[in-house]
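> Give the three-dimensional model of this entry:
(chains A and B)
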Amino acid sequence: MNGIVPAPIAALPWRVIFILAALVGFGATVLYSAAGGHFEPWAGKHVIRFVVLLTMAIAMSRMTLEFWKSMTFPLYLLLLVLLVVVQLMGFVGGGSQRWINLGIITLQPSELMKPVMVLAAAWFFDRLPPNRIYGFDAIWPLGAILLLPSILVIIQPDFDAAIAYAFGLGVVGFMAGLPLIYFISAGVGVAVLAPLVFFFGLKAYQQDRVLIFLNPENDPLGAGYHITQSKIAIGSGGIFGKGFGNGTQSHLDYLPEGHTDFVFATMAEEWGIVGGFFILFMYYLLMRWGLNVAMQSKTRYGQLVAAGLTCTIFFYIMINLLMVVGLAPVAGIPLPFVSHGGSSMLTMMLCVGIMMSIERHPGAKRGQFQ
Amino acid sequence: MKVQKQVTSGQLDFTFTRRAAFVGGVQAAIGLTVAARMSYIAVADNEKYKLLAESNRVNLTIIPPRRGWFVDRYGKPIATNRADFRVDIIPDRLVEKEQTVKTLAELLALSTDDVDRIHRELKLAQGFQPVQVADGLDYERFAAVSVRLPDLPGVSPRQGYSRFYPSGAAVGHLIGYVGTVSAEEYQKNKNPLLITPGFKVGKDGLEKTLEDRLQGEPGAKRTEVTARGKIVRDLATRPDIPGKPVQLTIDIDLHNYAARRLGLESGSVVIFDCLTGDILTMASMPCYDPNSFSDGIGRVEWKMLNSDDHIPMLNKALQGLYPPGSTVKPAAALAMLHHGVDPEETVVCGGGYRLGNRVFKCLGRHGPMNMANALMKSCNTYFYAMGRRIGYDAIAPFAKALGLGQEFILPFPSQRYGTIPDSAWKMRKYDQKWSESDTLNATIGQGYVSVSPFQLAMMAARIASGLNIQPEIILKKRQVPGRLGFPEEHLAVVREGMNRVVNGAGTAVRSKLDIPGIAMAGKTGTAQVRRISGSQRGQSGAWKYRDHGLFVCFAPVDNPRYGASVVIEHGMGGARAAAPIAKDVLTFLYDREKAMASLEALEAGWGGNIEQRMGSKYAAFQGQPAAPPPLDPTI
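Take a look at the predicted model:
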């Protein structure tokens, strides 16, 4: 680094900050247009939230890896307690509740549990002696880590969160070197169980949500409405889009949730596939950065956490984008850094903050001096 | 015990690197899938989705075309379109039915009869078919509904046009009326125009038969709307092309006068221009008010129409059939002249005519009668004798040649043609031989003979001009009609007889025109409704058994221009009921002030003009229980 830029600033992880700023900036542009050319109510908050949470993430990056390691288990327990508290509040308030209002910020424990689940799994594999990886010892604690919060969120009911936990945990387990046979048989198991769960386990509206994405035109005003309108928005945008501020699908309210879950469609209508490819490219850079951080980390905990968190972010991206283009059922999952919404941004920035910390503290190989 | 495989952290590191690469690959694959899918939607299907986005954004509203006007021969309006504000309900979008109707009833001050009709129509309505709540609203009421629109889903206020008939009931039978399209009609032709609120089609009369000409081309209004249906802005609008106006041969002032002059009677007045065949007037009363049908008729009004023994739903000029009585004597006289009867030959009337052992009565003892005097006095004995001499088969062709019992091609949905019998007809119909008593009855317009008032006026007009005129209701340039082929001297005898009826010592002298230089010639007729029983002769007793009063006439006598008929159902006599009306109506043609003075004096005694009388009748009917009218009264 040259001397013009002060060392503390030069030491910031500029690479990832640029990627995120590009995504958030583009997201804010889309939200600005979706609000009819106003910063209120979405675009302004979006940027402010990002700046605040980025500051938090940079602060988090100062923490050492050991700190995160030591915090993992207490965090996990705290969130479990909070999940129970939320559940109890739901009982008292009559109806399901997923968040705790702290005044300045609403805390959604099931959301925060997603990155913490990755930390917990990584923490477990870090402590597991390498030669026990094939044994039963490697399985049952994982099961316990997964099941406790999963049951709590399924009661809410929030299946999406439970699936996200399983995904995060699975990815960490996969990276940690669990035998492939587990994943293959899990895949087979899902293939067998999925139809059973679908027909016997899901309520009618859930079945609708799952099935309708295959053929949204069958029910253009009901469950298929979201997907149909989203496809219309993307399809009518074409290559270069209708131009900034000219999207009719979003401005005339045909596209539901155009500033949250379906923000990608709002964007695509005005910016076309050019805008879509830009976002995909930014995500590619983000994922590459995340996996690089994982590869370069010298500690097992760092490796697994970085890779797991990268995949957690990826999980959001994947589910949201597949849904928006009509390849997956409608799920209430926002697009990271682009969608308006505090909860998901908080989760994402927590992931990024921890990953920055890992990038800053790659640690040393076992047996090497630190 | 499982075989413990020794795994080192180095191996796990290696596994991690491999698997991370795999995960990266999977991520890239999913990213590419999304990119490919997006490109497919946005490039290959771009046109399709552009169209869908456009059809989301743009709401196309059909603007119903304004209907062509009806105007009279001088360009005066008979049927027009009045700009109005209206409110409809789209049943499909209705959420709170009871509450919505109740709110509307309060806002629009609807009568219980209207609320009733709305509920009934809503029950039967198909989702696509708008139900009219009210039209002809003033701006304040319209605005009161418009501002509450967000709370009233399914309610559609709009500005449009409604059909207006300035003459009201006077033109009901002539013009017909318009109404909303019935479900059957929509099923036949699924044109979205048909179910556009405010769009009406002709349901009866000329409105129905001239529909294609009157309808016009709908316009379209394109608006940008939000998903919730809120209009953001208007895009291009294509105006409607109004239907073509139709100019009728009717003289609307004369027509209205005739309709008013019929007063409390049930009857009709038809007047032809006897040089061209143009129908100047075709009034039939009583009649419904076509304005009420166009607005959707209430049940009280419907009951009022149906319980009236004067049958307001029937166009008596074209669909009423009556035995013409003595009004056909001029036709018989023409036949007699043709078959060699000397007009100066006399028949002595002793009060009747003996055929076998039966005496056919005359109205009086007229003494010796020649042809003209027999017409003047309406002497049955003369016509019995001469009719028997030439036979009815010789008379029937002349009656037909003058238009009696004939079909005329006119754009009215239904006409009745009546019967001019002859021996072949009787054989065909009853398989019986024609008898001499049939001849006697038919010669004086009784028995099997039945004609419409329209045909009687045609007969009068043809005798008056001697021209083979054809009736026409739509004004156009036509060929000058040729002669009928009656010798002028024959026509002169008949016209002189008819002249004496009014201006000599005839049956209608009291109806002589009081206009200098203009005289009317005519022939009275009194037709039995049922067989003569005792001395009653249909002159008293229940209304529906009284004789019909008929009168045919033309004017001026010396240079005929107008031929007319007046038929008063159960009027008891042509001279008494029909001729005075003919007098006033013809007077109107020459001296409007005099005619109006005479009419206003009469209307004072009748309880007002048509509109006032219908209004008070309606008021009297309100509060009485009534069965609902059918949705489509034409069925």
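> What residues sit buried inside the helix or strand of chain B with the lowest mean pLDDT?
Ranking every helix and strand in chain B by mean pLDDT, DSSP states H and E puts helix B:299-306 at the bottom, with a mean of 73. Residues B:299-305 are the ones in helix B:299-306 that count as buried (16 or more other CB atoms under 10 Å in any protein chain shown). All C-beta atoms are positioned from the backbone trio N, CA, C, and that covers glycine.
> now stretch A:54-65
By 16+ other CB under 10 Å, the buried positions in stretch A:54-65 come out as A:54, A:57-58, A:60-61, A:63, A:65.
> Looking at those, which are in helices?
If you go by DSSP state H, these have A:54, A:57-58, A:60-61, A:65 in helices.
> and the two most separated of the residues you listed?
A:54 and A:65 (20.5 Å; CB to CB).
> Just give me how far stretch B:104-119 sits from the chain centre.
The chain centre lies 28 Å from the centre of stretch B:104-119; the measure is CA atoms, centre = their mean, to the nearest Å.
> What residues of it count as buried?
Buried residues in stretch B:104-119, counting neighbours by 16+ other CB under 10 Å, are found at B:104-105, B:107-108, B:110, B:113-118.
> And for stretch B:380-395?
Those would be B:380-388, B:390-392, B:394-395, for stretch B:380-395 by 16+ other CB under 10 Å.
> Just give the closest residue to the residue of the stretch 201-350 of chain A found nearest chain B, not the sequence neighbours.
Residue nearest to chain B within the stretch 201-350 of chain A: residue A:235 (2.5 Å; CB to the nearest CB). Counting by CB to CB, 6 or more residues apart in numbering or on different chains, residue A:235 lies nearest to residue B:49, which is 2.5 Å off, once chain neighbours are set aside.
> wait, doesn't residue B:121 sit right on residue B:133?
No - here residue B:121 lies out of contact with residue B:133, judged by CB atoms under 8 Å, at a distance of 9.7 Å.
> higher neighbour count, these two?
Each of residue B:121 and residue B:133 has its neighbours counted (other CB atoms under 10 Å in any protein chain shown); residue B:133 has more, 29 against 20.
> Can you tell me the SS state at the closest residue in space to the more buried one that isn't next to it in sequence?
Nearest non-adjacent residue to residue B:133, counting by CB to CB, 6+ apart: residue B:87, 4.3 Å away. Following DSSP: H, G, I helix; E, B strand; the rest coil, the label given to residue B:87 is strand.
> secondary structure element for the residue in the stretch 1-150 of chain B that chain A sits nearest to?
Closest residue of the stretch 1-150 of chain B to chain A, CB to the nearest CB: residue B:49 (2.5 Å). Using DSSP states H and E, residue B:49 sits in helix B:46-57.
> next SSE after that helix?
strand B:58-63.
> Now that next one: average pLDDT?
Averaging pLDDT along strand B:58-63 gives 79.
> Sort out which residues of it are buried, please.
Quick answer for strand B:58-63 (16+ other CB under 10 Å): B:59, B:62-63.
> And stretch A:293-308, by the same measure?
For stretch A:293-308, by 16+ other CB under 10 Å, it's A:293-295, A:297-308.
> Among those, which ones are in helices?
A:293-295, A:300-308.
> Out of these, which are close to chain B?
The residues of these that also fall near chain B, by CB under 8 Å from any CB of the partner chain, are A:294-295, A:300, A:303-304, A:307.
> Assumed the residue of the stretch 201-350 of chain A closest to chain B was part of a helix.
Yes - according to three-state DSSP, residue A:235 belongs to a helix.
> Verify the stated contact: it with residue B:52.
Yes - counting by CB under 8 Å, residue A:235 does reach residue B:52; the two are 7.5 Å apart.
> for the least confident helix or strand of chain B, packing partners?
helix B:112-124, helix B:610-621 (3 or more CB pairs under 8 Å, 6 or more residues apart in numbering or on different chains; DSSP states H and E).
> Apply 6 Å and report the result again.
Taking 3 or more CB pairs under 6 Å, 6 or more residues apart in numbering or on different chains; DSSP states H and E as contact, there are no helices or strands that helix B:299-306 lies on.
> as a whole number, average confidence for the helix or strand that it is followed by?
Toward the C-terminus, helix B:299-306 is succeeded by helix B:316-319 as the next helix or strand (DSSP H and E). Across helix B:316-319, the average pLDDT comes to 90.
> Check what pLDDT residue B:229 gets.
At residue B:229, pLDDT is 66.
> circling back: what is the helix holding residue B:49 packed up against?
helix A:225-237, helix A:248-251.
> out of those, deepest packed?
Burial of the helices and strands packed on helix B:46-57 is given as mean neighbour count (mean count of other CB atoms under 10 Å in any protein chain shown); helix A:225-237 ranks first at a mean of 28.
> now what about it, what contacts it?
A:213, A:216, A:220, A:249, A:254-256, A:262, A:265, A:268-269, A:272, A:324, A:326, A:330, B:41-42, B:45, B:49-50, B:52-53 (CB atoms under 6 Å, 6 or more residues apart in numbering or on different chains).
> Only alpha carbons, please: show it as CSV.
C-alpha atoms of helix A:225-237 as CSV (Å, rounded to 0.1, in the frame of the first residue of the first chain):
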residue,chain,number,x,y,z
TYR,A,225,-50.1,-14.7,-9.3
HIS,A,226,-46.7,-13.8,-7.8
ILE,A,227,-44.8,-16.0,-10.2
THR,A,228,-46.8,-15.0,-13.2
GLN,A,229,-46.4,-11.3,-12.5
SER,A,230,-42.7,-11.8,-11.8
LYS,A,231,-42.1,-13.5,-15.1
ILE,A,232,-44.1,-10.8,-16.9
ALA,A,233,-41.8,-8.2,-15.3
ILE,A,234,-38.6,-10.0,-16.2
GLY,A,235,-39.9,-11.1,-19.7
SER,A,236,-41.2,-7.6,-20.6
GLY,A,237,-37.9,-6.0,-19.6
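> Next, residue 110: phi, psi?
You didn't say which chain, so I picked chain A. Geometry field for residue A:110 lists phi and psi as phi -70, psi -30, criterion degrees, to the nearest 10.
> my bad, chain B
phi -80, psi 150.
> separation between it and residue B:101?
The spacing between residue B:110 and residue B:101, counted by CB to CB, to the nearest Å, is 9 Å.
> Who are the contact partners of residue A:247?
So residue A:247 contacts A:269-270 (CB under 6 Å, 6+ apart).
> how about a cut-off of 10 Å?
Residue A:247 makes contact with A:30, A:33-34, A:233, A:236-237, A:241, A:254-255, A:258, A:265-271, B:53, according to CB atoms under 10 Å, 6 or more residues apart in numbering or on different chains.
> and these, which of them are in helices?
Reading helices off those with DSSP H, I get A:30, A:33-34, A:233, A:236-237, A:265-271, B:53.
> Can you select the buried ones from those in ChimeraX?
Restricted to buried positions by 16+ other CB under 10 Å, the ChimeraX selection for the ones in helices among the contacts of residue A:247 reads:
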select /A:30,33,34,233,236,237,265,266,267,268,269,270,271 /B:53
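> In a markdown table: the ones in helices among the contacts of residue A:247, plus pLDDT and distance to residue A:24.
Listed next are the ones in helices among the contacts of residue A:247 as a markdown table, based on pLDDT from 0 to 100; distance: CB to CB, whole Å:
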| residue | pLDDT | distance to residue A:24 |
| --- | --- | --- |
| A:30 | 94 | 11 |
| A:33 | 93 | 15 |
| A:34 | 91 | 15 |
| A:233 | 93 | 21 |
| A:236 | 93 | 26 |
| A:237 | 92 | 21 |
| A:265 | 94 | 18 |
| A:266 | 94 | 15 |
| A:267 | 95 | 13 |
| A:268 | 94 | 18 |
| A:269 | 94 | 20 |
| A:270 | 94 | 17 |
| A:271 | 95 | 16 |
| B:53 | 89 | 28 |
